[in-house]
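A.B. asks: the amino acid sequence is not available; the structure is as follows:
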């Protein structure tokens, strides 16, 4: 039987169907790729390990048995060690550091995480580690974590671990939530025992916990056999647990859910899917666009937000812009101009350069459309705070922004091909012939990762040229897509 790891345990607490599907090899484990995160992991890990000099490390090996044996040897000799490999019965786990406390004759479980706050999965992970360790007969004294101090301000040079790293003892919190953790563990143990000698009864409705949405299900053919297409009722906006109740009532499609059980927004979706037509609220859209200038701009930024700050004066996870794409459209002449700036000197702080070029490229006094404009405004505001000579520029543009995502969030316009989604990448193909599908870079996270690769010098000169071109193409399509959507709205308003 496949060993039960911490990740499998956490998967069970989200959905026991998924736990069995993955454990039995029916489906692959969902990817947890963090794009650029692993590029910084080595540096972060070194900072953490340097707080405990001279402790040995169990190196990763294709032969995991070697790691278990090595940890057992260290434990017998009361030797603290990194990357401890623990095993009890069929439960296995890796612990970043197993530290022996000679004075109290016991062990401390350590985890190193490049995070800014503690979420439930961290506590659940520690509980799993502790159960495995206790099963091995270890006396566990405490559970501690080294994470990131989010208020840390980088001053340049080597990152100071004293200000950057935050050591937190989670033992008191684990003890205060012991009842919850024990209940979760007992439910897990019961499920293991009940399914050890019989086939797993997959059920989207009856198994608990299970996915909140059939759309997130790893294998609808197992969990909802014969009703796989019913996942469309989970596309209703703001349906949450309500969609699960509809599923239990036997509803399988948009049209099957009675109007009496739908909100006004959900009834709009139902009608659009039923008729195959686009919903368009002319009154709301006219009001939304009533103060738009004749010449308008469409702006999109790309940024990096490393957890190990790179530029002086920045904090962990702070978004640093390095690229923008700006389309400017004059409605009267139907002329479209494109401006862009990409900071190619990856060794220097790009913010001042971005502000300089944007101020030069952006005409004064015109409406600026962005998608979820909070991000674009935050980028300019934070950068101008660091470079106060651009505060006047920020003051002049902040009131000119309009969020082009708003009509889609409010369902003033809705295309059935959106399937309940409201991201730019889902919307654009519904209303134009453009799509991100053909691009090398298709997501903001990937753009973040690619630029971080340049900063970390993990590319050849030829690769750098290609990555820079791909970044420009990705950002350009985002701002061009905003233009296409805006022009579509204007055209529909003029003929309706």
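C.D. replies: Arrived safely. On a predicted model such as this, the values are computed, not experimentally measured, just so you know. Numbers count the residues shown, from 1 in each chain.
A.B. asks: quick one: pLDDT of the residue in the chain sticking out farthest from the centre?
C.D. replies: Centroid-distance maximum for the chain: residue 103 at 42.3 Å, with Cα atoms, centre = their mean. As predicted, residue 103 sits at a pLDDT of 97.
A.B. asks: and stretch 389-404, how far apart are its ends?
C.D. replies: 29 Å (Cα to Cα, to the nearest Å).
A.B. asks: what comes up buried for that stretch?
C.D. replies: 390, 393, 394, 397, 400, 401, 402, 403, 404 (16 or more other Cβ atoms under 10 Å). In this view, the C-beta of every residue, glycine as well, is placed from N, C-alpha and C.
A.B. asks: export those residues as JSON lines, with columns for distance to residue 421.
C.D. replies: Output for the buried residues of stretch 389-404, formatted as JSON lines (distance: Cβ to Cβ, whole Å):
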{"residue": "390", "distance to residue 421": "35"}
{"residue": "393", "distance to residue 421": "34"}
{"residue": "394", "distance to residue 421": "32"}
{"residue": "397", "distance to residue 421": "29"}
{"residue": "400", "distance to residue 421": "28"}
{"residue": "401", "distance to residue 421": "23"}
{"residue": "402", "distance to residue 421": "21"}
{"residue": "403", "distance to residue 421": "17"}
{"residue": "404", "distance to residue 421": "15"}
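A.B. asks: which ones among the residues you listed map onto strands?
C.D. replies: 401, 402, 403 (DSSP state E).
A.B. asks: can you give me the helices for the stretch 1-150 of the chain?
C.D. replies: Applying DSSP state H, counting those that start in this stretch to the stretch 1-150 of the chain gives helices spanning 6-14, 16-23, 37-49, 64-76, 120-135.
A.B. asks: deepest in the core, which of the ones you listed is it.
C.D. replies: helix 16-23 (a mean of 23; mean count of other Cβ atoms under 10 Å).
A.B. asks: what sits up against that helix?
C.D. replies: 1-2, 4, 8, 11-12, 26-30, 191, 195, 200, 202-204, 207-211, 217-219, 222-223 (Cβ atoms under 8 Å, 6 or more residues apart in numbering).
A.B. asks: pLDDT on that helix, on average?
C.D. replies: On average, helix 16-23 scores 93.
A.B. asks: cool, stretch 68-82 as well?
C.D. replies: Here the average pLDDT along stretch 68-82 is 98.
A.B. asks: now do stretch 403-410
C.D. replies: In this model, stretch 403-410 has an average pLDDT of 98.
A.B. asks: residue ranges with poor pLDDT in the stretch 1-150 of the chain?
C.D. replies: Flagging of the stretch 1-150 of the chain using pLDDT under 70 yields the residue ranges 1, 32-36.
A.B. asks: brain fart, the stretch 351-496 of the chain
C.D. replies: Judged by pLDDT under 70, the stretches of the stretch 351-496 of the chain that qualify are 495-496.
A.B. asks: where do the strands sit along the stretch 51-200 of the chain?
C.D. replies: 81-88, 91-101, 106-112, 140-148, 165-169 (DSSP state E, counting those that start in this stretch).
A.B. asks: circling back: kindly reformat the helices of the stretch 1-150 of the chain as a markdown table containing distance to residue 99.
C.D. replies: As requested, the helices of the stretch 1-150 of the chain are exported to a markdown table (distance: least, Cβ to Cβ, whole Å):
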| stretch | distance to residue 99 |
| --- | --- |
| helix 6-14 | 19 |
| helix 16-23 | 31 |
| helix 37-49 | 12 |
| helix 64-76 | 11 |
| helix 120-135 | 12 |
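A.B. asks: relative to residue 476, which of those helices is closest?
C.D. replies: With Cβ to Cβ, the closest approach to residue 476 among the helices of the stretch 1-150 of the chain belongs to helix 37-49: 24.9 Å.
A.B. asks: output the contacting helices and strands for the closest one.
C.D. replies: If you count contacts as 3 or more Cβ pairs under 8 Å, 6 or more residues apart in numbering; DSSP states H and E, helix 37-49 packs onto strand 106-112, helix 444-455.
A.B. asks: show me the contact partners of that helix.
C.D. replies: Everything outside helix 37-49 that qualifies as a contact, by Cβ under 8 Å, 6+ apart, is 55, 57, 82, 96-97, 112, 114, 146, 159, 161, 164-165, 306-308, 449, 452-453, 456, 458.
A.B. asks: SS state for residue 303?
C.D. replies: strand (DSSP: H, G, I helix; E, B strand; the rest coil).
A.B. asks: picking up where we left off before, got a PyMOL select line for the buried ones in the contacts of helix 37-49?
C.D. replies: The following PyMOL line selects those of these that are buried, judged by 16+ other Cβ under 10 Å:
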select buried, resi 55+82+96+97+112+114+146+159+164+165+306+307+308+449+452+453
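A.B. asks: other SSEs contacting the host helix or strand of residue 265?
C.D. replies: Assigned by DSSP states H and E, residue 265 belongs to helix 264-275. Counting contacts by 3+ Cβ pairs under 8 Å, 6+ apart, helix 264-275 is packed against strand 279-280, strand 413-414.
A.B. asks: show me what counts as buried in that helix.
C.D. replies: Per 16+ other Cβ under 10 Å, helix 264-275 contains these buried residues: 266, 267, 268, 269, 270, 271, 272, 273.
A.B. asks: can you list the domains in the protein?
C.D. replies: 6-194, 229-277, 284-495 (automatic domain parsing).
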